[in-house]
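Asker: next one to model:
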Amino acid sequence: MVKGSGTNKRNRASDVLVVEDDPGMQDLLKRILEGAGYVVATADDGVEALDVLSVLSTKVVITDLKMPRMGGMDLLMRLCDERPDVPVVVLTAFGTVPGAVDAMKLGAFDFMTKPLPDPEHLRQAVARAMDEAHRRANDSASGRSVISASVAKAPSVRPGPDDEPVAEDPAFERVLEMASMVAQRDTTVLLTGESGTGKEVVARFIHRMSPRGSGPFVAVNCAAIPENLMESELFGHEKGAFTGAVKMHRGVFEQGGGGTLLLDEVGELPLAIQAKFLRVLEDRRVTRVGGTASSLVDVRIVAATNRNLEEEAQAHRFREDLFFRLNVFPIVLPPLRERPADIVALARRFLAILGRAPGRTSLTMTPEAVRVLQAHRWPGNVRELQNVIERAVIMAGPGPILPEHFGLTSLGTSLGSVPEAQMTLKEMERQAIVAALQACDGNRKAAAKKLGIALRTLQYKIRDYGLKEKW
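Answerer: From the prediction side, this is the model:
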């Protein structure tokens, strides 16, 4: 007998299959979903779930990880092989988030922590999974392939979007564990780390893993907005607010309504704008330029910076009260040289993406090329690695990538006469900036692009490192 909602072999369809060995938790999930109008079937473990699925058509599976006979991870792998059309949502206890991260790597669509924050969190997760089930069904009907387990298990490519985080190294796995935990709530997150470490990738990961995942993700680079337009871009403006304001414009706080707003390079905000931003964080209301009425905004804030905002606040270049508002849940992203196990995995990810271009076949690297990648210090981090791989693909042509195709020799020797092992991080950064400026004949804009940082950030660093006189 198949359990749940009066379902038996004569009723061969359900919306959701809940696989949970705790009777109380199973009953709670069932009642919440039935209250939302779903037809729900249940199973006590993975073995029973496979029996249920052999007689029952189900759109979405929700499974616990720790169960007798067959746990959720084994069930997930079986479903990826046998039922790739069915999205799987994994349940995990709050303290075992690493297991959920592993499940996402194997092909799980989403995960939730238990105890549940609230019933709405479950309803939203299932709604997203239902949308994904419809998408997969449409893809299958139109002849497009659905992700299979063989792809999900490939070491070089993760299931999901091209910007899905790569975390073979424990240092970055810890980042994703923290990101996964905070994603379940609307807590403000501050991502810090060197330029090119993947802060936007982590922000998008938080968004996808959150109850807001079906809403918009809006990313804005604060350093790239001209100062005279910044207030309008962030908060919006009314028609006629200033010369050229020919129509009303919604700012990014409104554009991100129901979703997530990433404020990248938040340390570059002028002090006057910081004050208004602080009010938005406190009141969750914005007033457009030229307007008098404020409107409520429902947006989750993720801020990112490569600067030390605590030091900036102490130097009175950043508001201390705003720093404390942003620093509710800080996540520090390690530089690529501190996550060596990710270097080759990321390189292969980029090769896989570039290999999709028309006329391209699979792209490979020689063992010597792999060793060169692992030995390099990567001052430009993941962004530098991506650029190096793209250059190597062009240089290699139809053949495998060789060490000389990376063009790393000159960069590796440009850090000066001090051995890298004896240099501090600040010394290495200063040397990298000098090398970039020399390579670009003092053109700051070109040097910033080469380094993968904003022009305004480069200008700050030139000043901080005492290079202004020379460059």
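Asker: so which residues of the stretch 1-150 of the chain form strands?
Answerer: 13-19, 40-43, 57-64, 88-93, 110-114 (DSSP state E, counting those that start in this stretch).
Asker: so which elements touch the shortest one?
Answerer: Okay, so that is strand 40-43. strand 13-19, helix 23-35, helix 46-55 (3 or more Cβ pairs under 8 Å, 6 or more residues apart in numbering; DSSP states H and E). Glycine gets a C-beta too; all of them are placed from N, C-alpha and C.
Asker: where among the strands of the stretch 1-150 of the chain is the average confidence lowest?
Answerer: Note on these: lowest mean pLDDT is at strand 110-114, with a mean of 77.
Asker: which one's the longest helix in the protein?
Answerer: helix 119-141 (DSSP state H).
Asker: what are the contacting residues of whichever strand or helix holds residue 174?
Answerer: Here residue 174, judged by DSSP states H and E, is contained in helix 170-183. Outside of helix 170-183, the residues within contact range by Cβ atoms under 8 Å, 6 or more residues apart in numbering are 94, 97-98, 100-101, 111, 113, 165-167, 189, 202, 205-207, 209-210, 329, 331-334, 338-339, 341-342.
Asker: can you do 6 Å?
Answerer: With contacts defined as Cβ atoms under 6 Å, 6 or more residues apart in numbering, helix 170-183 is touched by 97-98, 101, 165, 167, 189, 202, 205-206, 209-210, 329, 331, 333-334, 338-339, 342.
Asker: so what's the gap between that helix and the chain middle?
Answerer: Distance, stretch centre to chain centre, for helix 170-183: 10 Å (Cα atoms, centre = their mean, to the nearest Å).
Asker: for it, buried residues please.
Answerer: 171-183 (16 or more other Cβ atoms under 10 Å).
Asker: between those, which is nearest residue 32?
Answerer: If you rank those by distance to residue 32 using Cβ to Cβ, residue 183 comes first, at 20.2 Å.
Asker: any figure for the gap between the closest one and residue 164?
Answerer: Per Cβ to Cβ, to the nearest Å, residue 183 is found 14 Å from residue 164.
Asker: next one: residue 124
Answerer: Distance of residue 124 to residue 164, given as Cβ to Cβ: 21 Å.
Asker: kindly report the same for residue 54.
Answerer: Counting by Cβ to Cβ, the separation of residue 54 from residue 164 is 32 Å.
Asker: of those two, who's got more company?
Answerer: Neighbours per residue (other Cβ atoms under 10 Å) separate residue 54 from residue 164, with residue 164 holding more: 17 against 9.
Asker: so that one: helix, strand or coil?
Answerer: coil (DSSP: H, G, I helix; E, B strand; the rest coil).
Asker: domain-wise, how is the protein divided?
Answerer: The record's domain parsing of the chain by automatic domain parsing lists 13-152, 170-332, 340-412, 417-471.
Asker: if we can go back for a sec, output the helix holding residue 174 as CSV, nothing but the C-alphas.
Answerer: Output of helix 170-183 as CSV, limited to C-alpha atoms (Å, rounded to 0.1, in the frame of the first residue of the first chain):
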residue,chain,number,x,y,z
PRO,A,170,37.8,22.6,2.2
ALA,A,171,38.5,26.4,2.5
PHE,A,172,35.8,27.2,0.0
GLU,A,173,33.5,24.4,1.2
ARG,A,174,33.3,26.2,4.5
VAL,A,175,32.3,29.4,2.6
LEU,A,176,29.4,27.6,1.0
GLU,A,177,28.3,26.0,4.3
MET,A,178,28.0,29.4,5.8
ALA,A,179,26.3,30.8,2.7
SER,A,180,23.8,27.9,2.8
MET,A,181,22.9,28.5,6.4
VAL,A,182,22.3,32.2,6.1
ALA,A,183,20.4,31.8,2.8
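Asker: relative orientation of that helix and strand 110-114 in degrees?
Answerer: If you take axes from the mean of the first three to the mean of the last three Cα atoms, to 10 degrees, helix 170-183 sits at 70 degrees to strand 110-114.
Asker: mean confidence score for helix 170-183?
Answerer: The model assigns helix 170-183 a mean pLDDT of 90.
Asker: and for stretch 284-295?
Answerer: Mean predicted confidence for stretch 284-295 is 89.
Asker: so which bits of that stretch are buried?
Answerer: Across stretch 284-295, burial judged by 16+ other Cβ under 10 Å covers 286, 287, 288, 289, 291.
Asker: these two touch, right, the fourth one and residue 240?
Answerer: It stands for residue 289. No - Residue 289 lies out of contact with residue 240 (Cβ atoms under 6 Å); the separation is 10.5 Å.
Asker: what residue ranges in the stretch 151-300 of the chain are flagged as low confidence?
Answerer: 151-162 (pLDDT under 70).
Asker: who are the neighbours in contact with residue 250?
Answerer: By Cβ under 6 Å, 6+ apart, residue 250 lies in contact with residue 236.
Asker: what's the most buried one of the helices and strands packed on strand 40-43?
Answerer: strand 13-19 (a mean of 23; mean count of other Cβ atoms under 10 Å).
Asker: report all helices and strands that that one contacts.
Answerer: helix 23-35, strand 40-43, strand 57-64 (3 or more Cβ pairs under 6 Å, 6 or more residues apart in numbering; DSSP states H and E).
Asker: C-alpha coordinates for the second one, PDB please?
Answerer: The C-alpha coordinates for strand 40-43 follow below in PDB (Å, rounded to 0.1, in the frame of the first residue of the first chain):
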ATOM      1  CA  VAL A  40       1.100  14.100  -0.900                       C
ATOM      2  CA  ALA A  41       2.400  10.600  -0.700                       C
ATOM      3  CA  THR A  42       4.900   9.400   2.000                       C
ATOM      4  CA  ALA A  43       7.600   6.900   2.500                       C
END
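Asker: and for residue 319, the neighbour number?
Answerer: 19.
Asker: that one reaches residue 274, doesn't it?
Answerer: Yes - counting by Cβ under 6 Å, residue 274 is a contact partner of residue 319 at 4.7 Å.
Asker: isn't residue 187 right up against residue 327?
Answerer: No - counting by Cβ under 6 Å, residue 187 does not reach residue 327; the two are 11.0 Å apart.
Asker: residue 255 reaches residue 217, doesn't it?
Answerer: No - if you go by Cβ under 6 Å, residue 255 and residue 217 don't touch, sitting 10.3 Å apart.
Asker: what about the helices in the stretch 251-400 of the chain?
Answerer: Per DSSP state H, counting those that start in this stretch, the stretch 251-400 of the chain carries helices over the ranges 252-255, 271-283, 309-314, 320-326, 341-354, 367-375, 381-396.
Asker: let me have the ones you listed in a markdown table, adding mean neighbour count and distance to residue 32 as columns.
Answerer: Converted to a markdown table, the helices of the stretch 251-400 of the chain look like this (neighbours: other Cβ atoms under 10 Å; distance: least, Cβ to Cβ, whole Å):
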| stretch | mean neighbour count | distance to residue 32 |
| --- | --- | --- |
| helix 252-255 | 21 | 32 |
| helix 271-283 | 15 | 32 |
| helix 309-314 | 16 | 40 |
| helix 320-326 | 18 | 34 |
| helix 341-354 | 20 | 37 |
| helix 367-375 | 15 | 48 |
| helix 381-396 | 19 | 40 |
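Asker: out of those, flag the one nearest residue 231.
Answerer: With Cβ to Cβ as the measure, helix 271-283 is the member of the helices of the stretch 251-400 of the chain nearest residue 231 (6.2 Å).
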